[in-house]
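K.L.:
One predicted model, sequence on top.
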Amino acid sequence: MIPALSLQGRTALVTGAATGIGRACAVRLAQAGATVWINHLGQADAAAALVRDIVAAGGRAQTIEADVSDALAVQRMAEAVGAVDVLVNNAGVIQEKPFLDTTEADWDRLLAVDLKAVFLVCRAFVPGMLSLGQGAIVNIASDLALLGRERYAPYCAAKAGVIALTKSLAREFASQHIRANAVAPGPVATAMVSLEHMSAEWVEKELAIPQHRLGAPEEIADSVLFLASDLSRFYTGQVLGPNGGSVMP
Ligand code: NAD
């Protein structure tokens, strides 16, 4: 392995890590040598199975349950986990609904999990990074933050907020050796996004990208590993786009 890619001796927390992109991130970070905390909500079996897989491959991992949209739960998680060098804010939810049918409750739920949670988790874990004298925050946004998408207004707004929050953190903590970057994936084959469950119109739009395919969670995890490692030491406040060409800034 390229030495700067190694996370040996570092601790990482990945939110919403029992499935999909978060799971792939946990595996990659563990492969790079990090001790990984697998945050999940109500997915104890899947999280435990992931820990078993990581340990069987020679890595180190443990689970921690918390609803990342709940300030108290996040604070308790931070106390239980302690300081981490790497924080991956991955947990998220999505909803397809015409804008005029979107309720205040829909908006609040999407914004709570997809944006407020990133604020809560960063606020809880940055003090530990300050005590370590270093840290790498990687927030999972979406290409839809940059593109917008009909029937996904709260999701797009939340993910655009994640990018702006990331840039603000990058500026505020750069002098204390904490970097904050975002990854804005294109369509990725996970439980959240499957060709069987999304509307035909959505599938048509999502596949109308230059590579004309869904990404694999591992293809997103590779960008996350890069941003979590010293290989990206001159990156902060940036948005990487593993997206099959959906966005070309
Ligand atoms: P997923 O549904 O497999 O993963 C989301 C995870 O977040 C789940 O494990 C879920 O249990 C967890 N979660 C939800 N609410 C939570 C809460 N309150 N507290 C803790 N955990 C919670 O889907 P995924 O595709 O792997 O999504 C991961 C991230 O990637 C999300 O932020 C999503 O918005 C983003 N993303 C996904 C795609 C895609 O096409 N799949 C594209 C761009 C961005």
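P.N.:
Looks like it came in fine.
K.L.:
What residues does this protein have near the ligand?
P.N.:
15-16, 18-22, 39, 41, 43, 67-69, 90-94, 113, 140, 142, 185, 187-188, 190-193 (C-beta under 6 Å from any ligand atom). In short, each C-beta sits where N, CA and C put it, glycine included.
K.L.:
Any regions of this structure where pLDDT drops low?
P.N.:
Residue ranges of the chain with pLDDT under 70: 195.
K.L.:
and the gap between the residue located most distally from the centre of it and the ligand?
P.N.:
Most distant residue from the mean C-alpha position of the chain: L100, 28.8 Å away (C-alpha atoms, centre = their mean). Distance of L100 to the ligand, given as C-beta to the nearest ligand atom, to the nearest Å: 23 Å.
K.L.:
likewise G241?
P.N.:
For G241 relative to the ligand (C-beta to the nearest ligand atom), the value is 10 Å.
K.L.:
just checking, that residue touches V247?
P.N.:
Yes: G241 lies in contact with V247 (C-beta atoms under 8 Å); the separation is 5.5 Å.
K.L.:
more neighbours, the two?
P.N.:
Comparing G241 with V247 by neighbour count (other C-beta atoms under 10 Å), the higher total belongs to G241, at 21 against 17.
K.L.:
what sits against the more buried one?
P.N.:
143, 146, 183-186, 247, 249 (C-beta atoms under 8 Å, 6 or more residues apart in numbering).
K.L.:
Okay, strands next: where are they in this protein?
P.N.:
In the chain, the strands defined using DSSP state E lie at 11-14, 35-40, 60-65, 86-89, 135-140, 178-183, 239-240.
K.L.:
tell me which residues of stretch 104-111 are tucked away?
P.N.:
110-111 (16 or more other C-beta atoms under 10 Å).
K.L.:
Check stretch 173-183 too.
P.N.:
Applying a neighbour-count criterion of 16+ other C-beta under 10 Å, the buried positions in stretch 173-183 are 173, 178-183.
K.L.:
Of those residues, just say which sits nearest to A80.
P.N.:
I178 (21.3 Å; C-beta to C-beta).
K.L.:
list the contacts for M129?
P.N.:
M129 touches 83-85, 87, 135, 137, 173, 176, 178, counting by C-beta under 8 Å, 6+ apart.
K.L.:
at 7 Å instead, please
P.N.:
Counting by C-beta atoms under 7 Å, 6 or more residues apart in numbering, M129 touches 83, 135, 178.
K.L.:
Quick one: neighbours of T15, just the number.
P.N.:
For T15, using other C-beta under 10 Å, the count is 28.
K.L.:
Leaving out the residues flanking it, which one is nearest to it?
P.N.:
In space, T15 comes closest to A91 once its chain neighbours are excluded; the distance is 4.0 Å by C-beta to C-beta, 6 or more residues apart in numbering.
K.L.:
picking up where we left off before, now list the buried members of the residues of the chain next to the ligand.
P.N.:
15-16, 18-22, 39, 41, 43, 67-69, 90-94, 113, 140, 142, 185, 187-188, 190, 192-193.
K.L.:
Mind checking which of these land in helices?
P.N.:
Taking DSSP state H as the definition of helices, these contribute 20-22.
K.L.:
ok, Y155 - how many residues close by?
P.N.:
23.
K.L.:
Just confirm it contacts W107, I think it does.
P.N.:
No: with contact defined as C-beta atoms under 7 Å, Y155 does not reach W107; the gap is 10.2 Å.
K.L.:
Dihedrals phi and psi, Q211?
P.N.:
Here is the backbone geometry of Q211 (degrees, to the nearest 10): phi -80, psi -10.
K.L.:
who touches it in this structure?
P.N.:
244-245.
K.L.:
Now flag whichever of the contacts of G241 is closest to the ligand.
P.N.:
Of all the contacts of G241, the one with the least separation from the ligand (C-beta to the nearest ligand atom) is P185, at 3.9 Å.
K.L.:
Count the residues that sit near G82.
P.N.:
Counted with other C-beta under 10 Å, G82 comes out at 13.
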